[in-house]
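Student: Sequence and predicted model, in that order:
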Amino acid sequence: MLFYNFYFRQLTVKLLKFVSMKKLFFKLLIGSLLFFYPAFFASAQVVYDAHTKAELISENISIAPGQTFWVGLLLKHDKGWHTYWQNPGDSGIPTKITWTLPEGFSASEIYWQYPTRLHDSEGITSYGYLDEVVLLAKITPAAQISESTVTIKARADWLACEVPCVPGKAEFSLRLAVLNEPQIAVEKETQEIFNTARTKIPVEFFPYRVKAKADDDFIHLIFYPDDIPQAIRKIEFFPFYENIVTHSAEQKFESVGDGYQFTLSRNKRGSQPDIKKLEGVAVVTKDDNSVVAWQIETPIVFPKETSSPQSTAPLLVMLAFAFLGGVILNLMPCVFPVLSLKVLTFVRYAQKKTVLLRSAFGYSLGVVLSFAALAGVLIVLRESGEKIGWGFQFQSPYFVVGITFLLFIMALNLFGISSFNIPFFVPREKITQMNFNEAFLSGVLATIVATPCTAPFMGTALSFALTQTAAVNMLIFIFLGLGMAFPFVVLCLSPGLLKFLPKPGAWMEDFKKFLGFPLLATVIWLLWVLAGQKDAKAVWIVVLGLFLVSLGLWLNNIAAKRGAAGMFLRFFSWTCIVSAVILPFKYVGLAENKTIPVEENTRGMAWIPYEKGLLEQAKKDKKIIFIDFTARWCLTCQVNERFVLAQPEIIRKFKELNVVTIKADWTNRDENISKALADLGRNSVPVYVFIYPVNGKIEQDVLPEVLTPSAIIDHLNKIIK
């Protein structure tokens, strides 16, 4: 049978190419062959997984260059099971299709059919599909195709739920013939599937005049039809985005003046999107059970707000939190290696007030402007739809490699291996006074290395900024910078404090070399971060780069002492330095991103990697859930994990209460984790969350950034009471 299928397919493909000769006899012959064996060209294999039969089907049995055609992912669910729409509602994950197409081909986004509102016994409302659904997409072939057949590959991922939820996946390979003119499938069933599916895609333009207005509790969607059908039995609105409306709340539909009004309850939990327009699908069911759906997109009119002491109070509190967080940030481990070098400034210039004042102003300006620049980048990326947060740049391996080289070169300078003229505040023998530019750049560097850490009060301030306007965002970050610069300014302006510092002397040379070791420790930590982002070979290439740059700088020093005789050494040293920079950056770009496996803690804490489907299942099972949002580059996270979460009493308590422990690793960029953080109103790590059932409802508590064993145990005791 397999031999027959192979032989038949090869014969049919050759005959299809021969049709281009425009001979009627062969057209009739091929048409009859396709009539009796259309499945080879119209669909891929059927896969059964997660209580769902999945199949990739094509409306065409043959395609033509440059002419778009329809394909569809057909999902047939077991009785009582369902999958989800693009906005799943209170719970769930939308189905995803990942395409692997021939060169020059392109695929559209999914054309979503209008969904059904699904309710469960716990009051959770979701949007999805019962029985079966076809998720359509358009494939556009290349303008020129040399092959006689092409293969369309796709991977589908979905979450199927009844009471439990099970993630499903399938991979498909769809082979289609290439002709001068496309041919539609002759199977009546296939034609009906695609025709019916297209009728369930919402019409893009709403036919009536529409507007939306909002107050503190509701969004009112009003439309003014020329003639409203009297036979409407039901009308529902499905928003495109989560966390805009309360999905489980009743949607009121009533006549208002010369129009009709939806009343949607605004969402009060989680992050509130900065929405300016209402987008979604209106689904109308008539008395004869016929259904029509339209897409709606209209600006939202918000009531004008007047400033008052009450409205400015939260902002003032958050500015104070930002300032305090910036002050405490100086004590965090990621900042210490750089700030420790400032001690040399105090000691060397304790008696030169003018130099200290210049240094204080330059350093403060560097810190504040760097925080402002970071805020500007965050604002621009957020407005473009990106979900990013504090420390996002460390998710880029290029940034990690760059800062690794920078700190390594600074350490070499402190050790005296190189007098490479980097533009920072690192002490050099010929410097007689602190330069303003050096102080400014030292503030920039301090800000860069501070971003992996989150201090107390910072998380609250940053979460508040996430929901505010661009101006408030900028203000929060500026106060963070002011707080971070404040201790250094106080020391520079307080002669009484400076008198306690030791006098300059020969000991400073040894102390300067000692300060190189914290920088080397930071380099080792950054290599560990990189090991979580790229493969081991990438780390070794970077280590080779560090060796070459140290060799190059050392040789450059020797060449400088030999004058003209050292020209060859100077050329060789710069060859080493250039190679040290180019080689790691080039390989890091070629290396594949690494998925960090979540392993059991050495003391026995079993961690499950974050996956929304498993989280939803744990919620349905009514278990206590603890989620650790962490990252390798977050030093605060690492301290909490090793000195708090690994404590025997914590592990015993978690096991005693059968707590589900989930680790959401944000070392690499992950849209699902970014979205989960945004839903919690956070945009930085660490974040620690308890999720637990109370009286049939699901509650969640966010813990402080800095953990203690007693705080976790006390919180668990409060949950089980």
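Tutor: Thanks, I have the structure now.

Student: Quick check: which ranges of the stretch 1-150 of the chain have low pLDDT?
Tutor: Low-confidence segments of the stretch 1-150 of the chain (pLDDT under 70): 1-44, 121-122.

Student: Could I get the pLDDT score of residue 452?
Tutor: You'll see residue 452 listed with a pLDDT of 69.

Student: All the strands of the stretch 1-150 of the chain, residue numbers only.
Tutor: Using DSSP state E, counting those that start in this stretch, the strands of the stretch 1-150 of the chain run over residues 43-49, 52-58, 60-63, 69-77, 82-89, 96-100, 106-107, 116-119, 125-130, 132-140, 149-161.

Student: ok, and for the longest one, which residues are buried?
Tutor: Translated: strand 149-161. Using 16 or more other CB atoms under 10 Å as the test for burial, strand 149-161 gives 149-150, 152-154, 156-161. The C-beta positions use only the backbone N, C-alpha and C, and glycine is treated the same way.

Student: before we move on, the earlier item: indicate which one of the strands of the stretch 1-150 of the chain is closest to residue 398.
Tutor: Nearest to residue 398 among these is strand 96-100 (25.0 Å), distances taken as CB to CB.

Student: what pairs with the closest one, and is each one parallel or antiparallel?
Tutor: Its sheet considered, strand 96-100 pairs with strand 149-161 (antiparallel) by DSSP bridges.

Student: could you list every residue that touches the spatially closest residue to residue 217 that is not a sequence neighbour?
Tutor: Leaving out its chain neighbours, the residue that sits closest to residue 217 by CB to CB, 6 or more residues apart in numbering is residue 266, at 5.9 Å. Residue 266 sits next to 214, 216-219, 244-246 when contact means CB atoms under 8 Å, 6 or more residues apart in numbering.

Student: Then residue 315?
Tutor: Residue 315 neighbours (CB under 8 Å, 6+ apart): 472, 475.

Student: Got the phi and psi for it?
Tutor: With angles defined as degrees, to the nearest 10, residue 315 sits at phi -60, psi -40.

Student: and what of residue 211?
Tutor: Taking degrees, to the nearest 10, you get phi -150, psi 160 for the backbone angles of residue 211.

Student: Quick check: the gap between it and residue 246.
Tutor: In this view, residue 211 and residue 246 are 21 Å apart by CB to CB, to the nearest Å.

Student: swap in residue 322?
Tutor: 31 Å.

Student: cool, residue 627 as well?
Tutor: Taking CB to CB, one finds residue 627 at 23 Å from residue 246.

Student: Of those two, give the one with the bigger neighbour count.
Tutor: Here residue 627 and residue 246 are set side by side on neighbour count (other CB atoms under 10 Å), and the busier one is residue 627, at 24 against 18.

Student: Beta-bridge partners for that one, please?
Tutor: Beta-bridge partners, per DSSP bridges, of residue 627: residue 662, residue 689.

Student: and if you look at residue 259?
Tutor: The partner residues for residue 259, given DSSP bridges, come to residue 256.

Student: And stretch 316-326, what's buried?
Tutor: Buried residues in stretch 316-326, counted by 16+ other CB under 10 Å: 318-319, 321-326.

Student: nope, stretch 133-142 is what I was after
Tutor: For stretch 133-142, the neighbour count (16+ other CB under 10 Å) marks 133-137, 139-141 as buried.
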